[in-house]
Structures are given as structure tokens and as C-alpha cells.
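Visitor: predicted model and sequence below, questions to follow.
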Amino acid sequence: MSPRALKTSYWIATGVFAVLLVMDGLGGVMQAEAGKEALAHLGYPLYLLTIMGVAKILAAVAILQTRFYTVKEWAFAGFVISCVGAFWSRAAVGDGIGLLIFPVVFLAIMAVPYFLWKQLPRT
């Protein structure tokens, strides 16, 4: 892949991922009913919805910025931790594959911009 194509692919994948993070984060901050139901089902307190919503919005900002390498790395790591926690929580309460697959899909979506970013020359 040419450097230009790599950079273009990275920014498209990163933009899509950041939009997904912001949308999910806004749902948490705005206390979407689906989020409330999921947290209640999993046995978590409802204030976690706001905390995770703000964290996802901040992660989107961190992933889009180009100056602070470590901050971006930790934003990706935080998302992985969130997805693993979601998968484990769903599995612990006995949810079926239909609900277990979502965190795995989101991890796969996140992997695309992450691995493209790692291939970019570091400046």
C-alpha cells in the first residue's frame, strides 16, 4: 500500500470509528433508554452510563488528535478494556451469542484504524 493510500485509509477508518464512539458516548451522556436497560440487566449502577459516555467522547478526541502518541494509545487501550468488560459482563449474566457478538464486532472495527495507525511513519 502506498504511503498516500495508507494515510487515506487510516483517516477514513479513524473517522468512522470516532463517529461511532461519539454516537455511543452521547447515548450514554443523554441516558438513552437502551443503555439504562442494559446496565440494569447487567447489575451496574446507572451513573456508569454517564461516566462511560464521557470517556468515549474523550477517547474519540484522543484518537483524532495527532500530537500526543501515548494519549492516543491509551484511548485505544481503554476501548479494548471496555469491550472486554462488556463481553465478560454479558457472558457472566448468561446472555446468548446474539448479545455477546457486539463487543467483538466493535473490537474488530477498532482494530482497523489501530493497525493502520501503527503502520504510519511516526513523526
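Guide: That came in fine, so what should we check first?

Visitor: give me the most central residue, this structure.
Guide: Phe79 (4.4 Å; Cα atoms, centre = their mean).

Visitor: distance from the chain centre to the longest helix along the chain, please.
Guide: The residue-count maximum for a helix in the chain (DSSP state H) belongs to helix 3-29. How far helix 3-29 lies from its chain's middle: 10 Å, per Cα atoms, centre = their mean, to the nearest Å.

Visitor: buried residues in the helix or strand following it?
Guide: Per DSSP states H and E, the first helix or strand lying C-terminal to helix 3-29 is helix 33-42. By neighbour count with 16 or more other Cβ atoms under 10 Å, helix 33-42 contains the buried residues 35, 38-39. C-betas here are computed from N, CA, C, even on glycine.

Visitor: check which helices and strands helix 33-42 sits against.
Guide: Using 3 or more Cβ pairs under 8 Å, 6 or more residues apart in numbering; DSSP states H and E, the elements in contact with helix 33-42 are helix 3-29, helix 47-64.

Visitor: what's downstream of the shortest one, the next helix or strand?
Guide: Helices and strands here follow DSSP H and E; after helix 47-64, the next one along the chain is helix 69-92.
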